[in-house]
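Asks: sharing a model that was predicted from the sequence below.
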Amino acid sequence: MNSLFFGRRQQGKSTLAFHLAQKAGLSIAVFDVNAQFRAWPESTYSNLEDFELALLEGLDGLLVYRPESDVDAEFSAFADLLWSRKDYTLLLDEASQLQTAGRPHEKLGRLIRMGDARAVNVFQTLHRPADSATLCRSLAHHWYVFRTTLESDLAVVAERCGAGAAEAVQQLGPFEYVHWDDDEQKLEVVKDAGTWFVDIRIPLPRQASEGESDGTALPEVRDVAIAG
């Protein structure tokens, strides 16, 4: 399943994406360009060799990769390490750094075009719909859009999700969003943010499952500050 999350800083797009990744019930791999996912230091890597070793031990729970310098090159290697894996959610935070409106990063394009959308979820967060590559928009199953009034963004939303969605996103309040299900051609306006509050920037007490001791257990969603 391919999903896109659009919103300016502090509207909640990264938090919502992570909440839905948790809800999917699969392990989660995060490509964390802007260091938003700070709550899991034991499961965060900035060295590809260390990340690969962690993968060899098993993608079970949560792994975060935080590039240090060359985002394009590090994403290429990161994507190659994950290519053959199944049954997980890949969360690409601030994915505008991996694409232009004209085309996505080569390895992102491969994931979107050739990956098994039934076995791997690809969630991308971006500030603006107009920043996303046409390929990513055309193959997205779900759109989650926070408030925007920019004409170029509204045009992109209207083209894919309909005029009703473009009108709705202009009327949203803080932390409210529009959800467009492209498969079902259904529009939903979500106003209750209380179900997905969790601060992904601040380390939380670990919620370890029975017999689990490697620091990758996911915390319970709780009502704290909105991030991303």
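Replies: Cool, the structure landed.

Asks: can you tell me how far residue 148 is from residue 158?
Replies: 12 Å (CB to CB, to the nearest Å). Heads up, the C-betas are built off the backbone N, CA and C, glycines and all.

Asks: can you check residue 108 too?
Replies: 25 Å.

Asks: and these two? Which one has more around it.
Replies: residue 108 (25 against 16; other CB atoms under 10 Å).

Asks: state whether that one is indeed within a strand.
Replies: No: counting by DSSP: H, G, I helix; E, B strand; the rest coil, residue 108 is not part of a strand but helix.

Asks: wait, it sits on residue 78?
Replies: No: look at residue 108 against residue 78 with CB atoms under 8 Å: they stay out of range, at 10.6 Å.

Asks: show me the shaky parts of this protein.
Replies: 197-228 (pLDDT under 70).

Asks: where do the strands of it begin and end?
Replies: Taking DSSP state E as the test, the strands found in the chain are 2-6, 27-32, 44-45, 62-65, 88-93, 120-126, 142-146, 177-181, 186-190.

Asks: could I get the ones you listed as TSV with distance to residue 82?
Replies: Converted to TSV, the strands of the chain look like this (distance: least, CB to CB, whole Å):
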stretch	distance to residue 82
strand 2-6	15
strand 27-32	6
strand 44-45	13
strand 62-65	10
strand 88-93	7
strand 120-126	8
strand 142-146	21
strand 177-181	26
strand 186-190	30
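
Asks: can you lay out those as JSON lines showing distance to residue 99 and mean neighbour count?
Replies: Below are the strands of the chain laid out as JSON lines (distance: least, CB to CB, whole Å; neighbours: other CB atoms under 10 Å):
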{"stretch": "strand 2-6", "distance to residue 99": "11", "mean neighbour count": "25"}
{"stretch": "strand 27-32", "distance to residue 99": "13", "mean neighbour count": "23"}
{"stretch": "strand 44-45", "distance to residue 99": "23", "mean neighbour count": "20"}
{"stretch": "strand 62-65", "distance to residue 99": "18", "mean neighbour count": "25"}
{"stretch": "strand 88-93", "distance to residue 99": "10", "mean neighbour count": "24"}
{"stretch": "strand 120-126", "distance to residue 99": "8", "mean neighbour count": "24"}
{"stretch": "strand 142-146", "distance to residue 99": "16", "mean neighbour count": "23"}
{"stretch": "strand 177-181", "distance to residue 99": "20", "mean neighbour count": "21"}
{"stretch": "strand 186-190", "distance to residue 99": "25", "mean neighbour count": "13"}
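
Asks: among those, which is nearest residue 162?
Replies: Closest to residue 162 of the strands of the chain is strand 186-190 (CB to CB; 6.9 Å).

Asks: list the strands paired with that closest one, with their directions.
Replies: Partners of strand 186-190 in the sheet, by DSSP bridges, are strand 177-181 (antiparallel).

Asks: and the partner strand with strand 2-6, angle?
Replies: Strand 177-181 and strand 2-6 are oriented at 160 degrees to each other (axes from the mean of the first three to the mean of the last three CA atoms, to 10 degrees).

Asks: helices of the protein, residue ranges please.
Replies: With helices called from DSSP state H, the chain shows them at 13-24, 48-57, 71-82, 106-114, 134-138, 151-161, 163-170.
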